[in-house]
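K.L.:
coordinates for the following, if possible.
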Amino acid sequence: MHIELNSNFQYVETILFNIAGCIDFCANSLLIYLILFKSATMHNFRFYMLYFQASTFLVDIYLTLLMKPIPIFPVIGGYTIGLLSTVFHVSSHIQMTVILVLMSVQVVAIWCSFLRKHQTIVSIDGRKVLGTKTYWSLIVLPHFGVITGSLMFYFSNISKEEQIQFIRNNIPQLGSQLAQLPCLQIYDRVGKPIVIYSLLVLLFQETFFFTCVFVLAIDIFTTLRNNHVTVSSGNMGKHRAMFRSLFAQFIVLLFCFLPSCVGIIILIFDIPYIQEVSGALLCIYSIHSFLGCIVMIFTYQPYWNTILLWLGLSKNGLDGSPSIFVMKGKQSRLSIRKIRSWFNECKVVF
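P.N.:
Alright, predicted model coming up:
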């Protein structure tokens, strides 16, 4: 087994995690505030969005501040340099189990949000409306799937003595280097293949729920298109705006979850610079919430109007009424309706 440890890799990744953590904290805090206090038109759907955003917030804070994982692929393992290991001395295995739980819950949260929105939309024509028991079963049962996959991973742990023996048998040339790494954790895919099974279960769950969300999105789009005449323009506009924003969030999450899926797949290959590649994938994933926040604000008009108001660029625009851009030092004013029309031309029309 060929492994090359880059001495500069930990330093670079720590800087990237710190930067991503600060940006994600600010972006998540802003969006949570907007969901809580600027989402009156969402009604109870905002609590589903709050669940999703809170899970995203926890993943980001945990990954970039508390954990800070440094992988040592192609071995299944690594070490952590975050607060949990340096201050509280929590084992890397426990930390890895927790991050898998949080990432899986994030996927389930976006599923719950889409299912709620789907049931709201299909109630327009009364088709495909689920019963109360069926609906809550589809909300609760996926969480048990997350627990099952995470428990499988938890029991894949091997003792320190077994890890030392694994290093001696497979990568003896790095024995002295690995012995100096803080909070090192190695998994034996041959001696305890349950680690592979658990990762495959979690990968299957992510793929399954992303597929289900995509199917729900298609059905929502079809229902909106078929009933655009029977529903008032105001309600239809609200449904379309919320669906467009939620679907954009889903695309961002899907794009940023690809690195974790790729990371699992490349475990079976010994490719050059795999450690750097895996670290880059982690850093890409760590910025997904910032991208999601930006997309949410730009695609949901009330949030966008709120930001403009805070910046002093609009007046009386939070309810969708015409707002005014005030150019400092000038008398000219530009109707925000024109800005909105320009912005809508750049968006995908659902």
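K.L.:
moving C-terminal of the strand or helix carrying residue 140, what's the next helix or strand?
P.N.:
Assigning secondary structure by DSSP states H and E places residue 140 in helix 132-154. The helix or strand immediately downstream of helix 132-154 is helix 160-170, counting by DSSP H and E.
K.L.:
and for that following helix, what's in contact with it?
P.N.:
The contact list for helix 160-170 (Cβ atoms under 8 Å, 6 or more residues apart in numbering) reads 1, 75, 158, 174, 175, 178, 184, 185, 186, 188, 191. Every C-beta, even on glycine, is put in place using the N, C-alpha and C of the backbone.
K.L.:
what residues sit buried inside the following helix or strand past that helix?
P.N.:
Using DSSP H and E, the helix or strand that follows helix 160-170 in sequence is helix 175-179. Under the neighbour-count criterion of 16 or more other Cβ atoms under 10 Å, helix 175-179 has residue 178 buried.
K.L.:
gap between helix 175-179 and the chain center?
P.N.:
34 Å (Cα atoms, centre = their mean, to the nearest Å).
K.L.:
equivalent analysis for stretch 173-180, please.
P.N.:
The mean C-alpha position of stretch 173-180 is separated from the chain mean by 34 Å, Cα atoms, centre = their mean.
K.L.:
pLDDT of it, averaged?
P.N.:
Average pLDDT, stretch 173-180: 80.
K.L.:
also stretch 26-35?
P.N.:
On average, stretch 26-35 scores 93.
K.L.:
distance between it and the chain's centre?
P.N.:
Mean-position distance between stretch 26-35 and its chain equals 15 Å (Cα atoms, centre = their mean).
K.L.:
which other residues reach that stretch?
P.N.:
Residues outside stretch 26-35 that contact it (Cβ under 8 Å, 6+ apart) are 42, 46, 49-50, 53-54, 56-57, 60, 289-290, 292-294, 296-297, 303, 306.
K.L.:
CA atoms only: put it into CSV for me.
P.N.:
C-alpha atoms of stretch 26-35 as CSV (Å, rounded to 0.1, in the frame of the first residue of the first chain):
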residue,chain,number,x,y,z
CYS,A,26,-22.1,34.2,9.3
ALA,A,27,-24.1,32.9,6.3
ASN,A,28,-26.0,30.3,8.4
SER,A,29,-26.7,32.8,11.2
LEU,A,30,-28.1,35.3,8.6
LEU,A,31,-30.3,32.7,6.9
ILE,A,32,-31.6,31.3,10.2
TYR,A,33,-32.6,34.8,11.3
LEU,A,34,-34.4,35.4,7.9
ILE,A,35,-36.3,32.1,8.3
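K.L.:
what residues sit buried inside it?
P.N.:
Those would be 27, 28, 30, 31, 32, 34, 35, for stretch 26-35 by 16+ other Cβ under 10 Å.
K.L.:
can I get those residues in JSON lines with secondary structure and distance to residue 131?
P.N.:
Shown next, in JSON lines, are the buried residues of stretch 26-35 (DSSP: H, G, I helix; E, B strand; the rest coil; distance: Cβ to Cβ, whole Å):
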{"residue": "27", "secondary structure": "helix", "distance to residue 131": "38"}
{"residue": "28", "secondary structure": "helix", "distance to residue 131": "35"}
{"residue": "30", "secondary structure": "helix", "distance to residue 131": "38"}
{"residue": "31", "secondary structure": "helix", "distance to residue 131": "33"}
{"residue": "32", "secondary structure": "helix", "distance to residue 131": "32"}
{"residue": "34", "secondary structure": "helix", "distance to residue 131": "33"}
{"residue": "35", "secondary structure": "helix", "distance to residue 131": "28"}
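K.L.:
ok, those residues vs residue 95, which is closest?
P.N.:
residue 28 (20.4 Å; Cβ to Cβ).
K.L.:
roughly how far does the closest one sit from residue 288?
P.N.:
11 Å (Cβ to Cβ, to the nearest Å).
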